[in-house]
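K.L.:
Let's see this in three dimensions:
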Amino acid sequence: MKTAWRQQATRWALVVLLMGSGSFPLSAADVDSVRLWRAPDHTRLVFDLSGPVDHKLFSLSSPSRVVVDVADTRLKASLDDLALDDTPIRRVRSAHRSDGTLRVVFDLKESVRPKSFLLKRHAGTNDRLVIDLHDQGKSRAEALADKTPATTSGDRNVVIAVDAGHGGEDPGAIGPGKLYEKNVVFDIAKRLVRELNGIPGYEAKLVRTGDYYVPLRERRNIARKMQADLFVSIHADAFTHPSANGSSVFALSRSGATSETARFLAERENEADLIGGVGSVSLEDKDEVLAGVLVDLSMTATLNSSLTVGKEVLESMGGISRLHKPRVEQAGFAVLKSPDVPSILVETGFISNPGEARKLATAQYRQQMADRIGQGVRRYFERQPPAGTYLASRRQGGGDAREYTISRGDTLSAIARQHNVSVDAIRRENGLNGHVIQVGQVLKIPSS
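P.N.:
You can find the predicted model right below:
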């Protein structure tokens with residue numbers, strides 16, 4: 001009897017030993033969900049995991065396939081509902097091998113350049129396996145960033161790069177009722193682009209054109225490829241206390257942040273690249289171009305321009321929103337580090353504040369916010385248009401009068417303050433009997 005008991009105990013001890021050594025086929029992690037995003041130049045798939053995993057990624061030809069093997073993992077999610085239209089993927093298959101490995105096969109319509117990486121659990125997110133399938137040939141992102149600014153009557157337009165923060169697997173801040181920052185700011189960005197493109201002399205372009213993530217450095221690189229005269233990044237962040245409220249405008253700081261809120265928001269925004277799979281970022285990185293420019297006068301000029309346009313945008317936003325601070329703040333936002341493109345980051349409000357979240361959830365307020373941002377941008381460029389632009393030639397060629405095109409949100413009093421002239425002078429110059437003006441109307445602005 002004792003011998004039989006010892007044999008049984010030995011067998012159980014062996015099982016426990018095998019389990020502990022990893023030789024026994026166990027499911028170390030689960031794939032709880034799989035998500036897909038299509039970007040202009042690549043397709044991203046994100047596997048949400050219950051824990052860390054080991055994996056291998058490789059390609060096969062004839063026919064073209066990409067294969068990922070994930071050790072000791074069980075697939076709990078469905079692969080049948082992935083939106084494969086407009087992607088290089090024809091079909092996705094999966095199987096579990098005898099050693100516990102999960103194999104996922106992507107049958108392709110065309111060849112791609114695959115890349116994969118793991119993201120550790122961070123800031124409330126689970127472990128993730130990210131697979132990027134990059135398109136071959138010229139990227140559509142480069143095509144999006146057309147290097148030749150359009151012209152109006154022989155002179156080029158002022159180019160505005162409008163960046164909607166976050167996107168794709170990075171939702172940004174999340175407000176009441178699952179109001180995602182990425183969706184709110186993308187809608188405001190589209191409205192701002194539409195607003196500016198309706199005014200002669202301006203050409204606005206979206207940095208991201210859909211729901212996908214763009215790394216912070218790539219956002220400013222896209223703006224440079226566009227040969228943008230201004231980079232505007234739009235956000236609606238959250239703070240540790242729901243009582244925090246008000247709109248803000250930020251420019252880059254080469255030293256410390258101008259307030260604790262500015263420091264907090266910069267750190268939060270810079271962490272977006274951790275979610276996007278790029279890795280940590282900081283103002284003290286080894287960017288060779290930036291390292292050579294930060295101490296140069298050109299960077300000083302860029303920062304001065306950023307502060308000036310930021311002041312115009314902040315004052316304009318103050319017409320519809322409480323301002324968190326009465327001045328443009330500065331902090332080490334990685335997305336603002338372009339050495340030669342004036343750049344501002346606009347916080348349209350705190351999505352963590354219930355009152356501001358309710359406003360940001362409405363189309364009417366988003367349109368008002370886009371109008372106000374656009375108004376501030378135009379005030380800046382009307383006062384100091386870049387050389388060789390339609391705005392510059394219109395300002396110089398008008399004799400004693402300049403021209404100004406009315407857009408939504410403009411008033412005669414605001415236009416008069418902007419150009420340092422009186423309302424009566426504008427009315428006399430244009431033969432106006434009252435204060436009624438219309439969108440698209442061109443006013444002559446007398447000299448001050």
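
K.L.:
Look at N430 and report its pLDDT.
P.N.:
Looking at N430, its pLDDT reads 87.

K.L.:
these two touch, right, it and K444?
P.N.:
Yes - counting by CB atoms under 8 Å, N430 touches K444, with 5.7 Å between them. In short, each C-beta sits where N, CA and C put it, glycine included.

K.L.:
Ends of stretch 117-131, what's the gap?
P.N.:
In stretch 117-131, first residue to last residue: 7 Å (CA to CA, to the nearest Å).

K.L.:
quick one: low-confidence parts of the stretch 201-350 of the chain?
P.N.:
256-259, 262, 264, 266, 268, 270-299 (pLDDT under 70).

K.L.:
quick one: the strands in the stretch 1-150 of the chain?
P.N.:
Per DSSP state E, counting those that start in this stretch, the stretch 1-150 of the chain has strands spanning 29-38, 42-49, 55-60, 65-70, 73-75, 89-96, 102-108, 112-119, 127-135. These are given in chain order.

K.L.:
what does the fifth one contact?
P.N.:
By that I understand strand 73-75. Residues from elsewhere that reach strand 73-75, judged by CB atoms under 8 Å, 6 or more residues apart in numbering: 27-31, 49, 53, 94, 96, 100-102, 104.

K.L.:
List the beta-bridge partners for R74.
P.N.:
D30 (DSSP bridges).

K.L.:
Direction included, what does the helix or strand containing A204 pair up with?
P.N.:
Using DSSP states H and E, A204 falls within strand 202-206. Its sheet considered, strand 202-206 pairs with strand 158-164 (parallel) by DSSP bridges.

K.L.:
mind listing what's buried in the partner strand?
P.N.:
Using 16 or more other CB atoms under 10 Å as the test for burial, strand 158-164 gives V158, V159, I160, A161, V162, D163, A164.

K.L.:
could I get those as TSV with distance to S78 and pLDDT?
P.N.:
As requested, these are exported to TSV (distance: CB to CB, whole Å; pLDDT from 0 to 100):
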residue	distance to S78	pLDDT
V158	48	96
V159	44	96
I160	42	97
A161	38	97
V162	36	98
D163	34	96
A164	30	97
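
K.L.:
now for the residues you listed, which pair is the farthest apart?
P.N.:
Distance extremes for these: the farthest pair is V158 and A164 at 19.9 Å, using CB to CB.

K.L.:
Give me the domain ranges for this structure.
P.N.:
What automatic domain parsing lists as the domains of the chain is 29-135, 140-383, 398-446.

K.L.:
For stretch 97-106, buried residues please.
P.N.:
Buried-residue list, stretch 97-106, by 16+ other CB under 10 Å: G100, T101, L102, R103, V104, V105, F106.

K.L.:
Looking at the contacts of strand 73-75, which is nearest N245?
P.N.:
The nearest member of those to N245, counting by CB to CB, is L49 at 36.9 Å.
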